[in-house]
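A.B. asks: Using only what follows, build the 3D model:
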Amino acid sequence: MNRLTASLLLLALAVLTGCKKQEAFEMMTPPEGTPAANAPLQKLWPAPAFTLTERSGQPVSSETLAGKVWVADFFYTTCPGPCPMLSSRLSDLQEKLAGKDDVRLVSISLDPEKDTPEVLQAYATKFKAGQNWLFFTGEKAKIHDLAMKGFKMSAVEDRAQAEPIVHSTKLVLVDRSGTVRGFYEGVGADDTAKLLADIDRLLQEKPTP
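C.D. replies: The predicted structure follows:
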């Protein structure tokens, strides 16, 4: 085997290894919110049930969200990457949703061992979160299952890396009946206008049993 052939084989192996690593970080690419402005929003799958601890220190279940339209994200307070941008997007969304009491924002920590209710309270204050923006912590294994199995969003932990938890930055839209209806960019491309329009559409829908 000559030197050129060996170099090409090593390059191909590096590319393949990189692709496999990327696949590990993304469980799947969720469908986008809706293909056309006037098309009905898809009903994707039932949002997973959960009981977690809110920043108030009180246990709160997903049943309290019944009858509400809600937007969820996964984050952690010490995230060195996209989480501050994700939370800023939600803070902006909160301002635009002022007066819509049937809408909730739900932020769930992927690092619950560090993100105690007290830590979440301080983080929420930093982003001027109101009473309709909930912050949750709880048992780590359950939360990671909630992200990956329930919402089908990536969440991979590797404490040896500079960014110890690599996760999806999508925002998830859930209707009054607890059905997932769409995914939206939380960082980068601004899907806020599209998300707000879809929230308004869901507020006009009647919940189904």
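
A.B. asks: can you map out the helices along the protein?
C.D. replies: Assigned by DSSP state H, the chain shows helices spanning 3-25, 83-96, 117-126, 140-145, 192-204.

A.B. asks: worst average pLDDT in these?
C.D. replies: Lowest mean pLDDT within the helices of the chain: helix 3-25, a mean of 37.

A.B. asks: Just the buried positions in stretch 159-170, please.
C.D. replies: For stretch 159-170, the neighbour count (16 or more other C-beta atoms under 10 Å) marks 164-170 as buried. The way it works is simple: take the backbone N, C-alpha and C, and place the C-beta from them, glycine included.

A.B. asks: Pipe these into a markdown table and attach pLDDT per row.
C.D. replies: Formatted as a markdown table, those follow (pLDDT from 0 to 100):
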| residue | pLDDT |
| --- | --- |
| P164 | 78 |
| I165 | 88 |
| V166 | 86 |
| H167 | 91 |
| S168 | 92 |
| T169 | 93 |
| K170 | 95 |
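
A.B. asks: and the residue nearest to the spatial centre of the chain, what are its bridge partners?
C.D. replies: The residue lying closest to the centre of the chain (C-alpha atoms, centre = their mean) is D73, at 2.6 Å. Note on D73: beta-bridge partners S107, judged by DSSP bridges.

A.B. asks: what sits against it?
C.D. replies: Residues near D73 by C-beta atoms under 8 Å, 6 or more residues apart in numbering: 86, 90, 106-108, 169-172, 186.

A.B. asks: quick one: which of these is most hemmed in?
C.D. replies: Of all the contacts of D73, G186 has the most neighbours under the rule other C-beta atoms under 10 Å, reaching 28 neighbours.

A.B. asks: Was I right to think it contacts L86?
C.D. replies: Yes: between G186 and L86 a contact is recorded at 4.5 Å, counting by C-beta atoms under 8 Å.

A.B. asks: what residues are shared contacts of the two?
C.D. replies: Shared contacts of G186 and L86 (C-beta under 8 Å, 6+ apart): 73, 169.

A.B. asks: What is the nearest of the buried residues of stretch 159-170 to E157?
C.D. replies: I165 (5.1 Å; C-beta to C-beta).

A.B. asks: circling back: so which of the buried residues of stretch 159-170 belong to strands?
C.D. replies: 165-167, 170 (DSSP state E).

A.B. asks: Much appreciated, bye for now.
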